[in-house]
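Colleague: Sequence first, predicted model second:
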Amino acid sequence: MITAYITHPRCMDHHMGPQHPESPLRLEAIRARLALAGVLQQTMQSEAKPATDEQLLRVHPARHLHALDKCVPNEGMVTIDDGDTLMNRYSLDAARVAAGAVVRGVDQVYRQQADNVFCAVRPPGHHAEACDAMGFCFYNNIAVGAAHARETYGARRIAILDFDVHQCNGTIDIFKDDPEVLICTSFQYPFYPWRYLRSDSHNVINTPLEAGCDSAAFRKAIEDDWLPALHRFKPDLVLLSSGFDAHRDDPMAELNLEDADYHWVTRLAMEIAALYADNRLVSVLEGGYDPDTLGRCAEAHVKALLGQPWTL
């Protein structure tokens, strides 16, 4: 497998305060762990380009972009939602390259420059709704990539698999009832974001997990809920919203996944991509807030993308 690794130094310039869990240390932890394990050196590394207005406007109305632009401070930080999401003068630049990374990843798999891609970027995106920034997210990175695949390459059956501990309300808000997009989302329930948790949209497969859910229960739920839907849908592109905050050591929630579960779920997604999408798979970082744990889980994820077995 040729696995591309896309990031950008601008992602490190977005700060939300020294105590905020969504910090630049997350990307430092991933790069350090992958480099130490010898995994990073096996990937095709490149930098993202900022998403253009045209690319963002496919999923966000102009008023959303303008409202965010007006919030950018000259110095310090401003809060743009209920207090969880803050912005400094570089935040939107970082958000543009995060969305642009997924665009570049889509280009790479369709141009056969890579079999699959991991976008190690921040801020995350899956909570950003069409008209609302929230949950540490400004633009919906995975949605921008999906819309780019549809517009540029004619993708008509896009599967978005989200295994973050929080449900992808933003992705659902943008693509609900869209027959060309299948959204499979596992998440702790009941839990943030408190909206769309009981979505009845025909193209959304919700997999709510109780606090304390372990590896065996997680794997069974994914196999029972996601696999039948994915085999019916037969996607021509697989996109992953890869959150690692359902791990037992992550401080943000109460699920009990292990490092190996992220290798397993990545392999499951790759098997679907191999069957129906000529291996085309693009993954983008979402959550994961304990640096050491995040690094290990990212290693398991990228090893799977490279076609390597899981080893402790």
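Modeller: Now that the structure is in, tell me what you want to look at. Residues are numbered from 1 along each chain as shown.
Colleague: Can you tell me the closest non-neighbouring residue to residue 98?
Modeller: Once flanking residues are discounted, residue 98 sits nearest to residue 121: 3.9 Å by C-beta to C-beta, 6 or more residues apart in numbering. (Glycine included, C-beta is placed from N, CA and C.)
Colleague: Look at that neighbour and give its secondary structure.
Modeller: Recorded secondary structure, residue 121: coil (DSSP: H, G, I helix; E, B strand; the rest coil).
Colleague: Go ahead and produce PDB holding the CA coordinates of the helix or strand encompassing residue 93.
Modeller: Assigned by DSSP states H and E, residue 93 belongs to helix 91-110. What follows is helix 91-110, C-alpha atoms only, in PDB (Å, rounded to 0.1, in the frame of the first residue of the first chain):
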ATOM      1  CA  SER A  91      -7.300  29.800  13.500                       C
ATOM      2  CA  LEU A  92      -9.100  30.200  10.200                       C
ATOM      3  CA  ASP A  93      -5.800  29.800   8.300                       C
ATOM      4  CA  ALA A  94      -5.300  26.500  10.100                       C
ATOM      5  CA  ALA A  95      -8.900  25.500   9.500                       C
ATOM      6  CA  ARG A  96      -8.500  26.200   5.700                       C
ATOM      7  CA  VAL A  97      -5.400  24.000   5.500                       C
ATOM      8  CA  ALA A  98      -7.100  21.200   7.500                       C
ATOM      9  CA  ALA A  99     -10.000  21.200   5.000                       C
ATOM     10  CA  GLY A 100      -7.600  21.500   2.200                       C
ATOM     11  CA  ALA A 101      -5.700  18.500   3.300                       C
ATOM     12  CA  VAL A 102      -8.700  16.300   2.700                       C
ATOM     13  CA  VAL A 103      -9.200  17.900  -0.700                       C
ATOM     14  CA  ARG A 104      -5.500  17.000  -1.500                       C
ATOM     15  CA  GLY A 105      -6.000  13.500  -0.200                       C
ATOM     16  CA  VAL A 106      -9.000  13.000  -2.500                       C
ATOM     17  CA  ASP A 107      -6.900  14.200  -5.400                       C
ATOM     18  CA  GLN A 108      -4.200  11.700  -4.500                       C
ATOM     19  CA  VAL A 109      -6.400   8.600  -4.400                       C
ATOM     20  CA  TYR A 110      -8.300   9.500  -7.600                       C
END
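Colleague: So residue 168 is in contact with residue 183, correct?
Modeller: Yes: between residue 168 and residue 183 there is a contact under C-beta atoms under 8 Å: 6.8 Å.
Colleague: Tell me which of those two has more neighbours.
Modeller: Using other C-beta atoms under 10 Å, the more surrounded residue of residue 168 and residue 183 is residue 168, with 34 against 30.
Colleague: Check the gap between the more buried one and residue 201 for me.
Modeller: Distance, residue 168 to residue 201, by C-beta to C-beta, to the nearest Å: 12 Å.
Colleague: Same question for residue 243.
Modeller: As for residue 243, its distance to residue 201 is 21 Å (criterion: C-beta to C-beta).
Colleague: what's the answer for residue 178, then?
Modeller: Distance from residue 178 to residue 201, counting by C-beta to C-beta: 9 Å.
Colleague: next one: residue 31
Modeller: From residue 31 to residue 201 the distance is 37 Å (C-beta to C-beta).
Colleague: Neighbour count for those two, which is higher?
Modeller: The neighbour count for residue 31 versus residue 201, taken as other C-beta under 10 Å, is higher for residue 31 (17 against 14).
Colleague: Surely the more buried one and residue 40 touch.
Modeller: Yes: using C-beta under 8 Å, residue 31 is in contact with residue 40, at 6.7 Å.
Colleague: now the helices: where do they sit in the stretch 1-150 of the chain?
Modeller: In the stretch 1-150 of the chain, the helices defined using DSSP state H, counting those that start in this stretch lie at 25-36, 53-57, 62-71, 91-110, 141-153.
Colleague: Now the closest residue to residue 134 other than its chain neighbours, what are its backbone angles?
Modeller: Spatial nearest neighbour of residue 134, chain neighbours left out: residue 81 (4.7 Å); criterion: C-beta to C-beta, 6+ apart. The phi/psi pair for residue 81 (degrees, to the nearest 10) reads phi -140, psi -140.
Colleague: My read is that residue 81 contacts residue 137, right?
Modeller: No: the criterion here is C-beta under 8 Å, and residue 81 misses it with residue 137 at 9.5 Å.
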